[in-house]
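**Q** sequence and predicted structure below; questions after.
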Amino acid sequence: MTDEPLRVGIVGLGAFGSRVAMRLLWNGFPGLGAYDCNDMIVRIFGNEYGAMGMGSCRMVAQTSDVVITVLPSAAALREACFGWESLADGFKERGVVVDLGVTDPVETANIARELADRGISFVDAPAFGTPTQAKEGGLTLVVGGDDASVALAQPVLDCISTRIFRAGTAGSAQAASALADYLHAAQMLATSEAIRIGEQFGFDAPGLLRLSRELGGSSIAGLIDRELATRHYASGRPLGLVRRNLEIASRLAQTRHVASPLLDATNSAWTDAENAIGFGADQTEILKWLDRMVVAKPTEAPPEPVPAA
C-alpha cells in the first residue's frame with residue numbers, strides 16, 4: 001500500500017448520507033466525490049460544501065479507492081453496484097465498496113460475491129445513529145468483510161464512528177443487526193406479556209421486574225455467555241423445571257384472559273424440547289435440541305408448461 005492519501009467517494013446524499021459526506025469533507029477527505037440519483041442534490045451539495053459532484057456511480061468509482069454507499073434498500077445498492085454506469089464498471093484497480101445501509105443480509109452477501117468476481121471488495125457496515133451523530137462522527141457501526149478490505153476502509157470508518165463492532169465476512173454485519181433486533185424485540189414482548197399477567201395478580205410493573213431480577217432474571221446475560229454461547233451446558237437447572245414454570249405462567253394468562261402469544265409459543269417449544277431430550281437435561285441444552293431439528297427446504301415451483309405451437 002502506498003503513502004498516497006486515501007481517495008474516497010460517496011453514493012447517496014439523502015438526510016443521512018449528506019451528513020456522512022459533510023463529516024468526511026471536513027475531517028480529512030476534502031477531495032470527496034459524491035453522487036446521488038437526484039442531480040439537483042449533487043449540484044447544491046457540491047456548491048455549498050465543496051464536494052466534487054459526479055454524474056454517475058461509475059465516475060465516483062473511477063476517482064476513489066473506497067466508495068461509501070448510503071442507500072435505502074438492497075435493490076438500490078444492487079443498482080448502484082451493477083446498473084447503469086455502475087460502481088463495478090468504474091474502479092481502475094481493486095476498490096472497496098462500504099455499505100452503511102441496514103438492508104437484507106442474504107442479498108448483501110450475494111452482492112459481495114458478485115463484486116468479488118469483478119475484483120472488487122465489499123464491506124457491510126450498517127450504521128446506527130441519527131443524522132446529527134453522522135455529522136459529528138458519533139455513529140455505531142457493525143462491520144463485516146475480509147480483514148484487508150476493512151483495514152483499507154478503516155480511516156473512513158474511524159472518521160464517522162465512535163464505536164465499531166467487528167462481525168465476520170461480508171453480509172454478517174447485516175445478519176448481526178437483524179438478530180440483535182430480534183433479541184431486543186423478543187425481550188420487549190416477553191416483558192410486556194409478563195407485566196400484563198402480573199398486573200392481574202396485584203403486581204405493579206416496577207415491583208414485578210424488580211422481583212424478577214432478584215429471582216435470577218438479571219443473571220441471564222452471564223448464563224448465556226458462560227454456558228449457552230460456549231455450549232458448556234452446565235447451568236445446573238433442569239430444562240423440565242423451566243418448562244413446568246412456563247406451563248404455570250401460561251395457565252395464569254389463560255385464567256385471567258390475557259393474550260400472551262410469545263409465552264404460548266415458548267411453552268410449546270420447551271414442551272417439545274423436554275419430550276425430545278428429557279426433563280433432566282440442562283436448560284441450556286435447548287440449543288442442542290435446536291441443533292437436532294431439520295427444517296425442510298422450500299420446494300421450487302414446477303416450471304410453467306410451454307404452450308403448444
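**A** Done, it's in.
**Q** can you check what pLDDT the model gives residue 296?
**A** Residue 296 is assigned a pLDDT of 67 by the prediction.
**Q** how close does the residue nearest the centre of the chain get to residue 79?
**A** The chain has residue 177 as the residue nearest its centroid, 2.0 Å off, counting by C-alpha atoms, centre = their mean. Noted for residue 177: a distance of 22 Å to residue 79, by C-beta to C-beta, to the nearest Å. Any C-beta I mention is one placed from the backbone N, CA and C, and that applies to glycine too.
**Q** before we move on, what about residue 105?
**A** 18 Å.
**Q** check residue 280 too.
**A** Counting by C-beta to C-beta, the gap from residue 280 to residue 79 is 55 Å.
**Q** so for stretch 239-257, what gets flagged as buried?
**A** Residues 239, 240, 242, 243, 246, 249, 250, 252, 253 are the ones in stretch 239-257 that count as buried (16 or more other C-beta atoms under 10 Å).
**Q** got the contact list for it?
**A** 193-194, 197, 200-201, 258-260, 263-264, 266-267, 270-271, 273-274, 277-283, 285-286 (C-beta atoms under 8 Å, 6 or more residues apart in numbering).
**Q** cutoff 10 Å now
**A** 193-194, 196-201, 235, 238, 258-260, 263-264, 266-286, 288-289 (C-beta atoms under 10 Å, 6 or more residues apart in numbering).
**Q** name the residues that touch the lowest-mean-pLDDT helix or strand in the chain?
**A** Here the helix or strand of the chain ranked lowest by mean pLDDT, DSSP states H and E is helix 220-223, holding a mean of 80. Helix 220-223 has contacts (C-beta under 10 Å, 6+ apart) with 187, 213, 216, 228, 229, 235, 237, 283, 284.
**Q** just stretch 164-182 next, same as before
**A** With contact meaning C-beta under 10 Å, 6+ apart, stretch 164-182 is reached by 74, 97, 99, 101-113, 115-116, 121-128, 139-147, 149-150, 154, 157-158.
**Q** looking at the residues you listed, which are in strands?
**A** 97, 99, 121-124, 127-128, 139-143 (DSSP state E).
**Q** just the buried residues out of the residues you listed, in ChimeraX syntax.
**A** Per 16+ other C-beta under 10 Å, the buried members of these correspond to this ChimeraX selection:
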select :97,99,121,122,123,124,127,128,139,141,142,143
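**Q** residue 105 and residue 79: which has the busier surroundings?
**A** Higher neighbour count among residue 105 and residue 79: residue 105, with 22 against 16, using other C-beta atoms under 10 Å.
**Q** the stretch 1-150 of the chain: helices as residue ranges?
**A** Taking DSSP state H, counting those that start in this stretch as the test, the helices found in the stretch 1-150 of the chain are 15-25, 39-49, 57-62, 74-82, 105-117, 131-136, 147-160.
**Q** can you list those helices in TSV and add distance to residue 220 and mean pLDDT?
**A** As requested, these are exported to TSV (distance: least, C-beta to C-beta, whole Å; pLDDT from 0 to 100):
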stretch	distance to residue 220	mean pLDDT
helix 15-25	34	96
helix 39-49	47	94
helix 57-62	46	97
helix 74-82	33	96
helix 105-117	26	95
helix 131-136	30	96
helix 147-160	32	96
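**Q** would you turn the ones you listed into CSV with distance to residue 6?
**A** As requested, the helices of the stretch 1-150 of the chain are exported to CSV (distance: least, C-beta to C-beta, whole Å):
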stretch, distance to residue 6
helix 15-25, 10
helix 39-49, 19
helix 57-62, 14
helix 74-82, 20
helix 105-117, 19
helix 131-136, 19
helix 147-160, 6
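**Q** out of these, which comes closest to residue 90?
**A** helix 57-62 (2.8 Å; C-beta to C-beta).
**Q** in the stretch 101-250 of the chain, where is pLDDT below threshold?
**A** 216-219 (pLDDT under 70).
**Q** one step back: what is the most widely separated pair among the contacts of helix 220-223?
**A** 213 and 229 (21.3 Å).
**Q** name the nearest residue to residue 90, ignoring sequence neighbours.
**A** Excluding the flanking residues, the one nearest residue 90 by C-beta to C-beta, 6 or more residues apart in numbering is residue 61, at 2.8 Å.
**Q** how close does residue 176 get to residue 266?
**A** 23 Å.
**Q** can I get the helix or strand hosting residue 241 as PDB, trimmed to CA atoms?
**A** Using DSSP states H and E, residue 241 maps to helix 239-255. Output of helix 239-255 as PDB, limited to C-alpha atoms (Å, rounded to 0.1, in the frame of the first residue of the first chain):
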ATOM      1  CA  LEU A 239     -34.900 -27.900  31.400                       C
ATOM      2  CA  GLY A 240     -38.100 -29.600  32.600                       C
ATOM      3  CA  LEU A 241     -38.200 -27.300  35.600                       C
ATOM      4  CA  VAL A 242     -38.200 -24.300  33.300                       C
ATOM      5  CA  ARG A 243     -40.800 -25.900  31.200                       C
ATOM      6  CA  ARG A 244     -43.000 -26.600  34.200                       C
ATOM      7  CA  ASN A 245     -42.900 -22.900  35.200                       C
ATOM      8  CA  LEU A 246     -43.700 -21.900  31.700                       C
ATOM      9  CA  GLU A 247     -46.800 -24.100  31.900                       C
ATOM     10  CA  ILE A 248     -47.800 -22.400  35.100                       C
ATOM     11  CA  ALA A 249     -47.300 -19.000  33.600                       C
ATOM     12  CA  SER A 250     -49.500 -20.000  30.600                       C
ATOM     13  CA  ARG A 251     -52.300 -21.100  32.900                       C
ATOM     14  CA  LEU A 252     -52.100 -17.800  34.800                       C
ATOM     15  CA  ALA A 253     -52.600 -15.900  31.500                       C
ATOM     16  CA  GLN A 254     -55.400 -18.200  30.500                       C
ATOM     17  CA  THR A 255     -57.300 -17.900  33.800                       C
END
